[in-house]
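A.B. asks: Okay, predicted coordinates and the sequence, questions at the end:
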Amino acid sequence: MKKYDYILIGSGPAAYKLSNLLAKTSRKVLVVDGDEFGGTCPNYGCEPKIFLEGATRVVLQSQQLQGRGIEQTATIDWQKLMATKLERFNSWPEETKAIIAKSHDVESGYAHFVDDNTIEVNGHQYQSNRIVIATGQRPHRLAIPGDQFTHTSRDVLSLPHLPQHVTFIGGGYVAMELATVLGAAGAAVTIIDHSARPLKAFPASKVQVVKEAMEKRGVEFLMDTSVQGVRQQDEGFIVQTDQGEIPTDYVVDTSGRQPNIDRLALEAANIDIDRGGIIVNEHLQTSNPNVYAIGDVISRPQPKLTPVAEFEGEYLFNYLEEKTSLAIKYPTIGTAAFTFPEIAEAGVKEEEARENSQYQTKNLNLKYSSLAAGQNDQTGKLTLIFEGAVLAGVSVVGDHAADDVNNFLPIIGLKVTGEEYRQAIIAIYPALADKVAGGLI
Ligand SMILES: Cc1cc2nc3c(=O)[nH]c(=O)nc-3n(C[C@H](O)[C@H](O)[C@H](O)COP(=O)(O)OP(=O)(O)OC[C@H]3O[C@@H](n4cnc5c(N)ncnc54)[C@H](O)[C@@H]3O)c2cc1C
Ligand SMILES: NC(=O)c1ccc[n+]([C@@H]2O[C@H](COP(=O)([O-])OP(=O)(O)OC[C@H]3O[C@@H](n4cnc5c(N)ncnc54)[C@H](O)[C@@H]3O)[C@@H](O)[C@H]2O)c1
């Protein structure tokens, strides 16, 4: 049986980061993936999503400026857009695998545990005292009658033809972003959610701004609505809900994501789990001392995002290579939904600040800036949450909310006061970063 210093199960952002760092050492490493090397983010997640968002933004901005000097709005040719997407992304899994293979052994196939420190892939067994599970998450599939007719975000990101009408079941990040893309490309869109509002992770008042902007563009929201099933009819499908029937051409199950743990035979290695995924301690070690877990597959309160997965990969490298013995400590994490307008936040949340007198909140309207006025962005709202003189949280809705929040992150993360910031930095004017200094006055 082959023995390794490290075995990494998965090759997404978490494992890829760790494998890159291990490539600089003389460690003997095996990297295993059962699907496309590189994982969700570059192949069927963030990257193709943001690539499509590039064309989406041009369409929606041109619509927003119609009658204000822009007379012809842009339109999307979906098949051509998809062809350019394939041209960019098709070769990535093989290229990623080849990059990893320059430094490590690689194996294409699904891994499962045989005992405490042994895994099996394609009938071959491998042993290590440092096995790292980085198997990520996959779309949750609702068990409803007609679930065989539903699709996933992965299907949408490679959709060959644009359907006339698309229905999303679930109104979280994935649905809201993909609905923005498909809507801009010309599809009619309905979003159904069994709760009262979409994008529950973000502040209600700012989500309302995004929802209203999408409704104005024709997106239909059915909130507090339960889906009972999907049935096929002559042309297309019927989504059956407790509020009535919705005829549609394409149904996407966006009801959430679930950890990829079922193929791993975790019981053979005594690895504990809960509803959120694999349970780890403050060193990302599982209940089995030979096994660690990083990335989306672990059960933790932090959001499941690419930079968080990479941060854990880097932490684990430093811990196992004895560069630190400290517990993992997560820094300030920024998060955004790439809708139009976008919504983004970091640090202390608006709801928490409202309930806690140690925080002071400042609200600013961004639509008066020439930058927003020139783009006819009427939606911009910025909320800053201070703890004394220090910025503790930020949330933004507006066409550039993700960049806006990124501009505030160093101030929150490094605990810089407004006065210190103004003494140290003169930002480029009148660009996005200028809002930072303005907000801190
Ligand atoms: C549509 C969409 C859009 C997103 N947009 C963003 C965004 O804008 N910004 C952001 O930060 N995050 C975004 N995310 C989340 C981001 O993709 C994940 O947080 C990130 O990919 C997690 O990395 P990971 O390495 O933990 O897991 P993954 O990237 O999921 O990789 C896990 C890998 O493990 C493999 N695997 C699973 N089981 C086994 C097994 N038994 N044996 C071998 N291999 C196995 C899988 O095939 C996969 O390749 C998005 C996700 C989706 C779905
Ligand atoms: N821009 C980004 O950073 C980005 C983009 C996409 C995904 N992600 C990551 O992926 C994670 C998962 O996103 P997601 O959108 O798949 O899940 P989510 O948890 O954000 O949203 C799922 C939605 O489905 C609804 N739902 C669940 N069951 C339902 C049912 N039976 N009927 C109707 N509605 C139902 C929920 O109420 C919720 O609103 C995010 O939390 C995030 O970590 C990040």
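C.D. replies: Great, that's in hand. Ligands and ions are numbered 1, 2, ... in the order given.

A.B. asks: contacting residues around stretch 36-56?
C.D. replies: 10-16, 33, 76, 81, 85, 88-89, 92-94, 96-97, 100, 106, 108, 136-137, 153-154, 157-158, 177-178, 180-181, 184-185, 296, 306, 338, 340 (C-beta atoms under 8 Å, 6 or more residues apart in numbering). The way it works is simple: take the backbone N, C-alpha and C, and place the C-beta from them, glycine included.

A.B. asks: Show me what counts as buried in stretch 122-129.
C.D. replies: Buried positions in stretch 122-129, judged by neighbour count with 16 or more other C-beta atoms under 10 Å: 126-128.

A.B. asks: check the contacts of stretch 36-56 against ligand 2, which are close?
C.D. replies: 177, 338 (C-beta under 6 Å from any ligand atom).

A.B. asks: Mind checking which of the contacts of stretch 36-56 are in helices?
C.D. replies: 13-16, 81, 85, 88-89, 92-94, 96-97, 100, 153-154, 177-178, 180-181, 184-185, 306 (DSSP state H).

A.B. asks: And the buried ones among these, selectable in PyMOL?
C.D. replies: Per 16+ other C-beta under 10 Å, the buried members of the ones in helices among the contacts of stretch 36-56 correspond to this PyMOL selection:
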select buried, resi 13+14+15+16+81+85+89+92+93+96+97+100+153+154+177+178+180+181+184+185+306
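
A.B. asks: so what's the closest residue to ligand 1 within the stretch 101-250 of the chain closest to, chain neighbours aside?
C.D. replies: Among the residues of the stretch 101-250 of the chain, G136 lies closest to ligand 1, at 2.1 Å counting by C-beta to the nearest ligand atom. Spatial nearest neighbour of G136, chain neighbours left out: D296 (4.5 Å); criterion: C-beta to C-beta, 6 or more residues apart in numbering.

A.B. asks: And D253, by the same measure?
C.D. replies: T150 (4.2 Å).

A.B. asks: From what I see, that neighbour and S255 are in contact.
C.D. replies: No. Using C-beta atoms under 8 Å, T150 makes no contact with S255, being 9.4 Å away.

A.B. asks: which neighbours do those two share?
C.D. replies: 141-142, 169.

A.B. asks: can you list the residues you listed in CSV and add pLDDT, distance to Q72 and secondary structure?
C.D. replies: Below are the shared contacts of T150 and S255 laid out as CSV (pLDDT from 0 to 100; distance: C-beta to C-beta, whole Å; DSSP: H, G, I helix; E, B strand; the rest coil):
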residue, pLDDT, distance to Q72, secondary structure
R141, 96, 42, coil
L142, 98, 41, coil
I169, 98, 35, strand
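
A.B. asks: Which of these ranks first by neighbour count?
C.D. replies: Neighbour count (other C-beta atoms under 10 Å) singles out I169 as the most crowded of those, with 26 neighbours.

A.B. asks: thought that residue was touching A179?
C.D. replies: No. I169 lies out of contact with A179 (C-beta under 8 Å); the separation is 11.8 Å.

A.B. asks: got a list of what Q358 touches?
C.D. replies: Contacts of Q358 by C-beta under 8 Å, 6+ apart are E387.

A.B. asks: quick one, what contacts G413?
C.D. replies: Going by C-beta under 8 Å, 6+ apart, the list of residues near G413 reads 331-332.

A.B. asks: Can you list the buried residues in the lengthiest strand in the chain?
C.D. replies: Once the chain is assigned using DSSP state E, the strand that runs over the most residues is strand 390-398. Buried residues in strand 390-398, counted by 16+ other C-beta under 10 Å: 391-398.

A.B. asks: Can I get it as PDB, trimmed to CA atoms?
C.D. replies: Provided in PDB are the C-alpha atoms of strand 390-398 (Å, rounded to 0.1, in the frame of the first residue of the first chain):
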ATOM      1  CA  VAL A 390     -13.800  52.400  15.300                       C
ATOM      2  CA  LEU A 391     -15.800  51.100  12.300                       C
ATOM      3  CA  ALA A 392     -17.200  47.700  13.200                       C
ATOM      4  CA  GLY A 393     -19.500  46.900  10.300                       C
ATOM      5  CA  VAL A 394     -20.700  48.000   6.900                       C
ATOM      6  CA  SER A 395     -23.500  47.100   4.500                       C
ATOM      7  CA  VAL A 396     -24.200  48.500   1.100                       C
ATOM      8  CA  VAL A 397     -26.800  48.100  -1.600                       C
ATOM      9  CA  GLY A 398     -26.000  49.700  -5.000                       C
END
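
A.B. asks: Return the member of the buried residues of strand 390-398 nearest to ligand 1.
C.D. replies: Nearest member of the buried residues of strand 390-398 to ligand 1, counting by C-beta to the nearest ligand atom, is V396, at 15.9 Å.

A.B. asks: Correct me if wrong: the closest one contacts E345.
C.D. replies: Yes. With contacts counted by C-beta under 8 Å, V396 reaches E345, the gap being 7.2 Å.

A.B. asks: Common neighbours of these two, please.
C.D. replies: What both V396 and E345 touch, as defined by C-beta under 8 Å, 6+ apart, is the set V405.

A.B. asks: which residues touch V32?
C.D. replies: With C-beta under 8 Å, 6+ apart, V32 has these contacts: 7-11, 106-111, 119, 121.

A.B. asks: Closest residue of the stretch 1-150 of the chain to ligand 2?
C.D. replies: L142 (5.2 Å).

A.B. asks: any idea how far G244 is from that residue?
C.D. replies: 18 Å (C-beta to C-beta, to the nearest Å).

A.B. asks: How about V394?
C.D. replies: To G244, V394 is 40 Å away according to C-beta to C-beta.
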